[in-house]
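Visitor: A predicted structure for the sequence below; I have some questions about it.
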Amino acid sequence: MSNEVAPPQGIGRFDTVTKEFVIWMGKEDEFVGEPMFAHRKTSDNKEAAEYDGYIISVLLNGSKKESEVIIFDASRINDGPITRVPLGMIVPHGLFGCFTYSDEANWSADEIDRRAKLADKMESRGNMWNEVKSDFSGLGLRLDDWEEYFGDWELF
């Protein structure tokens with residue numbers, strides 16, 4: 001595959017102050033997904049310095065037809081991943097996520113399942129949310145909804 005058509009194959013960091021560019025490149029059959037930065041916490045539970053953390057990405061190995069999570073020390077990207085976690089399956093190239101230590105993101109498996117079911121239900125009824133009722137479309141009302149909104153009135 002030529003460079004003009006290949007998906008991203010490396011991880012890089014550019015320092016805007018020093019103008020230093022650090023890069024790690026995978027093998028020609030390894031394709032790296034969108035990298036995420038996760039700050040390392042200090043012992044007093046505060047965020048550490050700008051480079052003190054990890055770069056996390058998903059790497060698709062085209063020859064093995066498997067993906068793995070790769071983790072870099074953010075201050076030493078050019079040394080390569082400090083760990084590789086094989087996933088035993090292919091994660092589609094381009095899939096990305098978000099990492100946070102917020103309490104709002106610490107959901108139980110039951111909560112994740114509940115939210116997924118709710119999202120599926122909303123998706124299956126997606127055409128209903130944008131429905132325009134035609135009789136009084138400016139008000140979003142139909143003549144047959146009149147009693148529901150205004151009580152038992154005689155219209156004419």
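Guide: Yes, it's here. Bear in mind the structure is a predicted one, so any value in this text is a computation, not a measurement.
Visitor: all contacts plus neighbour counts: C-alpha atoms, from now on.
Guide: OK.
Visitor: so where do the strands sit in this protein?
Guide: Using DSSP state E, the strands assigned to the chain run over residues 10-14, 21-25, 30-32, 36-39, 53-61, 66-73, 83-86.
Visitor: quick one: list the elements packing against the fourth one.
Guide: Here strand 36-39 touches strand 53-61, going by 3 or more C-alpha pairs under 8 Å, 6 or more residues apart in numbering; DSSP states H and E.
Visitor: angle of the strand it packs on against strand 66-73?
Guide: Between strand 53-61 and strand 66-73, the angle comes out at 160 degrees (axes from the mean of the first three to the mean of the last three C-alpha atoms, to 10 degrees).
Visitor: domain map for this protein?
Guide: Following automatic domain parsing, the chain resolves into domains at 1-106, 107-156.
Visitor: tabulate the strands of the chain (TSV), appending distance to Arg115, mean neighbour count and mean pLDDT.
Guide: Output for the strands of the chain, formatted as TSV (distance: least, C-alpha to C-alpha, whole Å; neighbours: other C-alpha atoms under 10 Å; pLDDT from 0 to 100):
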stretch	distance to Arg115	mean neighbour count	mean pLDDT
strand 10-14	33	16	88
strand 21-25	38	15	91
strand 30-32	29	22	89
strand 36-39	24	18	86
strand 53-61	25	23	91
strand 66-73	25	20	94
strand 83-86	27	14	95
